[in-house]
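Asker: I would like to see how this sequence folds:
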Amino acid sequence: MGPRILVFLVVALSQVCTIPAMTDGADFTALKALKDIWKNVPPTWVGADPCGSRWEGILCANSRVTSITLASMGLKGSLSGDIQSLSELQILDLSYNKGLSGPLPSAIGDLKKLTNLVLVGCSFCGPIPDSIGSLPLLASLSLNSNGFTGSIPPSIGNLTSLYLLDLADNRLTGTIPVSTATTPGLDLLVHTKHFHLGLNQLSGTIPPKLFSSEMKLIHVLFESNKLTGSIPSTLGLVKTLEVVRLDNNSFRGSVPSDINNLTSVSTMFLSNNDLTGPLPNLTGMHVLTYLDMSNNSFDDTKFPPWFSTLQSLTTLVMETTQLQGQIPADFFSLSHLETVDARNNQLSGSLDIGTGHGNQLALIDLRKNKISAYTTRLGGEGVSVILADNPICRETGVTKSYCTVSQPNSSYATPPNNCVPASCFATQHSSPNCKCAFPYTGLLVFRAPSFSDLGNITYFSVLEKSLMNSFKSHQFPVDSVRLSQPRKDLSQYLDLNLQVFPFGQDRFNRTAISSIGFMLSSLTFKPPAQFGPFFFIGDTYLHFTGEVRGSKKSSSTGAIIGAAAGGSVLLLLLLGAGLYAFGQKTKAEKAIQQNNPFAHWESKNGVVSVPQLKGARCFSFEELKKYTNNFSETIDIGSGGYGKVYRGVLPTGKLITIKRALRGWMQPGLEFKTEIELLSRVHHRNVVSLVGFCLERGEQMLVYKFVSNGSLMESLSGTFIRSLQTIQHFCTKDVQRKSFIDFSYHLPGSEPAPPRITSNVKQNLQFLKLWKEFQKRKSSTPKPSTSYRRKKVEKEDLPEDTELYRDPTLSLYYTNQIVETGVPVLLVDGYNVCGYWAKLKKHFVNGRLDIARQKLIDELVAFSLARDVKVVVVFDAMMSGLPTHKENFVGVDVIFTGESCADAWIEKEVVALKEDGCPKVWVVTSDHIQQHAAHGAGAFIWSCKALVSEIKTSQQEVERALQELRPTSFQGRLLKHNLDSEVVDALKDLRKKLAENESKSSPKAPTALREAALQRIHARHRRPRRNSISNKLQSIPFQ
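Answerer: Got it, this is the predicted structure:
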């Protein structure tokens, strides 16, 4: 047996030695980068081999990552460009993670093998990158229910493999793109079956070129936009259409006569437009079940007889469509008819539903017509008839049931399956099979159901069975499903609450949740035909199970064999693990050398050996740890976009400041190296010099000289009390800085050049004096504090904050605060104003957002001081590229939203302010949707135009106040208006003497004497130059 065992060990060892790493190095680097910027990643995301250790949500093939499905995981963060390294990725599903925000990186276009891009129900914002059209294999593009802005990229027309295009429920603007001689368009998507573009802000007309007979479209959903023009006649060429929604737009003209060519259409919405002309004849549309043409301006028309030919019709909605005459009784005999809504028309005569009406008929709503009689028939008791505001109800003295408005009860919930519901804990729910569990919950939204009777439970029972059959076919661990609370929203969508219960245990694992989420977000699930197109918004699941351990079996006969075999396997595993770890270390070192410019600085002992720079030294991590008492929170003096700032003490007793970068915000190696080199060469009396730096253990730290006088914001806000002389000194220095700053960039050791001040400093100092007098006069009357909210409670365990540095782990919203005074609050959508105001727009469109931001802040600071209003200006992080942080100015707070759009931040803040009792809140934006949302939350609305007008008015008021403070009132532009009486008398005497001497001397003498005298007087009384209010405000040291 000895030689055989030896051969076995040799063969096994050779196999272990040849095992490669299961995850490609580039793929691991990309996933590691995503892991670093995401919060709440699955706990199995540990180690350096996602494929081998089976990171949850990650699928691999041949050591390459091919699928990322992380629906409803509660992820927070953004999607970085590192994802471009996953070149074999086919599926990316991050749906139902509300914490994912920011722009969609253009690097997404490098994923050439991507087939499914599903980002439903997140908080992504900004424009959809044009590179999205570089994905040749993309079949499903689902970006609905986010905050995307801008126009639809024409490059989407290049996606010839696209099956589903869902961009609904965003804030997209512009027109629907079609191809030209140089650019692609949506008309090229002849194989696409779904155009879901509803609930946006699209404008312009629908180009006739968009539709053709070659297209395979089944859904055209353009509802709730701002589309204008006429409905193109080419729509009738797409014979495959099943659902058409063009409602809630501004279409004009008549409906194309060939629209009845769409014989496969089951649901059609043309309501809430400006359509005119004759009512379209839809004869021949035999599968049409739901028709809504209400609220249009059609010609006066008698109740069309062709309505009775629509044998599949379930719902007819014709509110305010100028219908006249009497409804024929045979119309109600349609076997599938459920609802007839013809309110606010001119229907007259007697209403007779006949004896042979369909047994599905539930509601007839004919309010505000001219019905004079109603014939009741046997068997009509189950039909709800509403005839309020008709002559029959106004003339009869007896109140009938049909003269009152009552809607049928549509309450539904899946009943128990022949069992008694279990009594569960507060966080659990009883399933239809009466088992307590933590279900996966969410909202099913059906965009165009072909039925209207929500009291008919048959529809929901069929949907439940369809869901369960789909789960079982995919072998998902699902025990049962529950549907509840069916209701229609303002867009006529059918909303249903969904609960999915786990099978065999009381909760799901992460794999099951991501699989169920992907099935519901990628159209893998096909609901019954009467429900039509749908989408799902899943809730974050909070009750994941741990790993399930397998059972152990033992037997007396196999104990010895098991022990011996176990020892051999353990030896092989240890040997293999060592070889695997060595290989992974070598691969990681190679990756670091390729991506880290400091890799060549690594010495053999693993300590970074950075070249010593003159004027700055390299500190070790242990040194800085010692100098800061192990980075104690007690010496944490603030936080910023770079990271935390600590105060330290060198062995010599010298105080230093250490800026320690956050893990998620470290600079690239080359950028950090460049910064060190530049800072070590800059020497100026007003710039804190660099003492040193640290680049060890994955840290990036900068060491400066400690400045103990606090920040300027602390002085202005009162946190750090200073004397009036000190404040005046700072103001003077600020004026000097604004006039001219000379940074001497030279070699270390040389002396900096003396500071230089330009000629306009005197003018700025003069205005500073006037401004102080104006502020003194203005402050003579009591006014409320500029702080418009205060904290309700003071928590001792919270880190100490200042106005300038705030702990980034705390909420940036003004939560747990109430109104301290009656100061109004003005919430400004910064980039919305920058894009409107002409003086800022030129910088905005040229990409100079920093200039546009600063100019807007300067204007708002002056406006806040002049009007005693607290201003909060919010900028989208997707535009600024900055992390979440807050900056404070005099009277103005500047918010950079790192994890949400400005719109969402403002809406939440309005709600919080109103809950805290703030009496007056204004929101400045020209976004109509944002205006409606803010107004609904209780805020007053200012357009960008109104804000600009108010700023200009306040500037004029300040100018007039400054004019009053000047010692001389200038009434004209002539010199005589600026001279006092003594000077005028002196000029008269001089003129008299010159006239007397003119006859006694040559003509040139008095002329020279006169010119010299006038020059002296003019120099003495020269009129000072007047500056515009904008120039004055720029010279005030607000910051």
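Asker: from here on, just use CA atoms for contacts and neighbour counts.
Answerer: Will do.
Asker: so how far is residue 103 from the residue nearest the centre of the chain?
Answerer: For the chain, the residue nearest the mean C-alpha position is residue 901 (3.4 Å; CA atoms, centre = their mean). Applying CA to CA, to the nearest Å, the value for residue 901 to residue 103 is 10 Å.
Asker: on that earlier part again, just checking, the residue nearest to the centre of the chain touches residue 895?
Answerer: No - the pair residue 901 / residue 895 is not scored as a contact, 11.0 Å apart, by CA atoms under 8 Å.
Asker: now the helices for the stretch 401-550 of the chain?
Answerer: 457-473, 510-521 (DSSP state H, counting those that start in this stretch).
Asker: quick one: which of these is nearest residue 439?
Answerer: helix 510-521 (10.1 Å; CA to CA).
Asker: ok, and for the closest one, which residues are buried?
Answerer: Neighbour-count burial for helix 510-521, counted by 16 or more other CA atoms under 10 Å, picks out 510, 511, 512, 513, 514, 515, 516, 517, 518, 519, 520, 521.
Asker: angle of it against helix 457-473?
Answerer: Interaxial angle of helix 510-521 relative to helix 457-473 (axes from the mean of the first three to the mean of the last three CA atoms, to 10 degrees): 130 degrees.
Asker: ok, and what's touching helix 510-521?
Answerer: With contacts defined as CA atoms under 8 Å, 6 or more residues apart in numbering, helix 510-521 is touched by 42, 56-57, 69-73, 93, 95, 118, 120, 142, 440, 471, 476-477, 524-525, 535-536, 538, 541, 544-545.
Asker: give the rounded mean pLDDT of the helix or strand harbouring residue 894.
Answerer: Following DSSP states H and E, one finds residue 894 within strand 892-897. Per-residue pLDDT over strand 892-897 has a mean of 85.
Asker: after that strand, next one along is what?
Answerer: For strand 892-897, the following helix or strand on the C-terminal side (DSSP H and E) is helix 902-915.
Asker: list the strands paired with the helix or strand that comes right after that following helix, with their directions.
Answerer: Counting by DSSP H and E, the next helix or strand C-terminal to helix 902-915 is strand 921-924. In the sheet, strand 921-924 lines up against strand 825-829 (parallel), strand 940-942 (parallel) (DSSP bridges).
Asker: off-centre distance for strand 921-924?
Answerer: 19 Å (CA atoms, centre = their mean, to the nearest Å).
Asker: kindly report the same for stretch 196-206.
Answerer: In this view, stretch 196-206 has its centroid 19 Å away from the chain centroid, taken as CA atoms, centre = their mean.
Asker: about what we covered before: of the helices of the stretch 401-550 of the chain, which is nearest residue 152?
Answerer: Minimum separation from residue 152 across the helices of the stretch 401-550 of the chain (CA to CA) falls at helix 510-521, 21.2 Å.
Asker: wait, residue 484 touches residue 413, no?
Answerer: Yes - taking contacts as CA under 8 Å, residue 484 lies within contact range of residue 413: 4.1 Å.
Asker: please tell me how far the closest residue to residue 186 other than its chain neighbours sits from residue 189.
Answerer: Counting by CA to CA, 6 or more residues apart in numbering, residue 186 lies nearest to residue 157, which is 4.7 Å off, once chain neighbours are set aside. The gap separating residue 157 from residue 189 is 6 Å, by CA to CA.
Asker: those two: which is more packed in?
Answerer: With neighbours defined as other CA atoms under 10 Å, residue 157 and residue 189 compare such that residue 189 has more, 25 against 20.
Asker: just to revisit the earlier point, neighbouring strands for the strand holding residue 894, and are they parallel or not?
Answerer: The strands that strand 892-897 pairs with in its sheet are strand 870-876 (parallel), strand 885-889 (antiparallel) (by DSSP bridges).
Asker: and the ones you listed, which is most packed in?
Answerer: strand 870-876 (a mean of 25; mean count of other CA atoms under 10 Å).
Asker: please state the offset of it from the chain centre?
Answerer: On CA atoms, centre = their mean, the centre of strand 870-876 falls 15 Å from the chain's centre.
Asker: state the mean pLDDT of it.
Answerer: 86.
Asker: alpha carbons of that strand, as PDB, please.
Answerer: Taking Å, rounded to 0.1, in the frame of the first residue of the first chain, the C-alpha atoms of strand 870-876 are listed here in PDB:
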ATOM      1  CA  LYS A 870     -31.500  82.600   5.800                       C
ATOM      2  CA  VAL A 871     -30.400  81.100   2.400                       C
ATOM      3  CA  VAL A 872     -29.600  77.400   1.800                       C
ATOM      4  CA  VAL A 873     -28.200  76.800  -1.700                       C
ATOM      5  CA  VAL A 874     -28.000  73.100  -2.800                       C
ATOM      6  CA  PHE A 875     -25.700  71.800  -5.600                       C
ATOM      7  CA  ASP A 876     -26.000  68.300  -7.100                       C
END
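Asker: what angle sits between that strand and helix 902-915?
Answerer: Using the same axes, to 10 degrees: strand 870-876 against helix 902-915 is 150 degrees.
Asker: next, the residue nearest to residue 186: secondary structure please.
Answerer: Put simply, residue 157 is helix when judged by DSSP: H, G, I helix; E, B strand; the rest coil.
Asker: 24 is where my numbering starts, stick with that
Answerer: Yes, from this point I'll number from 24; that puts the last item at residue 180.
Asker: and it, what does it touch?
Answerer: By CA under 8 Å, 6+ apart, the neighbours of residue 180 are 156, 201, 202, 207, 208, 209, 210, 211, 212.
Asker: now do the closest residue to the fourth one other than its chain neighbours against residue 211, distance only.
Answerer: Distances taken as CA to CA, 6+ apart put residue 180 closest to residue 207, at 5.2 Å, once the chain neighbours are dropped. Spatial separation of residue 180 from residue 211 under the definition CA to CA is 5 Å.
Asker: do the same with residue 277
Answerer: The gap separating residue 277 from residue 211 is 27 Å, by CA to CA.
Asker: so which strand or helix has residue 953?
Answerer: With DSSP H and E as criterion, residue 953 is part of helix 951-959.
Asker: quick one: distance of that helix to the chain centre.
Answerer: In terms of CA atoms, centre = their mean, the centre of helix 951-959 is set 16 Å apart from its chain centre.
Asker: mind checking which of the strands paired with strand 944-947 is nearest residue 654?
Answerer: strand 848-852 (37.5 Å).
Asker: for the stretch 274-423 of the chain, which segments count as strands?
Answerer: In the stretch 274-423 of the chain, the segments counted as strands under DSSP state E, counting those that start in this stretch are 275-276, 290-292, 297-298, 313-315, 324-325, 338-340, 346-348, 362-364, 369-375, 386-388, 393-398, 407-409.
Asker: what's the longest strand in the protein?
Answerer: As assigned by DSSP state E, the longest strand anywhere in the chain is strand 501-511.
Asker: would you state the strands of the stretch 24-173 of the chain in chain order?
Answerer: 81-84, 87-92, 99-101, 114-116, 122-125, 139-141, 146-150, 163-165, 170-173.
Asker: pairing partners for the second one, with directions?
Answerer: Strand 87-92 has its sheet partners listed here by DSSP bridges as strand 81-84 (antiparallel), strand 114-116 (parallel).
Asker: show me how far the longest one is from its chain's centre.
Answerer: Which is strand 81-84. Offset of strand 81-84 from its chain centre (CA atoms, centre = their mean): 30 Å.
Asker: tell me the mean pLDDT for it?
Answerer: Mean per-residue pLDDT for strand 81-84: 94.
Asker: got the strands of the stretch 24-173 of the chain as a markdown table, with mean neighbour count and distance to residue 306 columns?
Answerer: Output for these, formatted as a markdown table (neighbours: other CA atoms under 10 Å; distance: least, CA to CA, whole Å):
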| stretch | mean neighbour count | distance to residue 306 |
| --- | --- | --- |
| strand 81-84 | 18 | 52 |
| strand 87-92 | 21 | 47 |
| strand 99-101 | 21 | 52 |
| strand 114-116 | 22 | 43 |
| strand 122-125 | 25 | 48 |
| strand 139-141 | 22 | 40 |
| strand 146-150 | 25 | 43 |
| strand 163-165 | 23 | 35 |
| strand 170-173 | 22 | 40 |
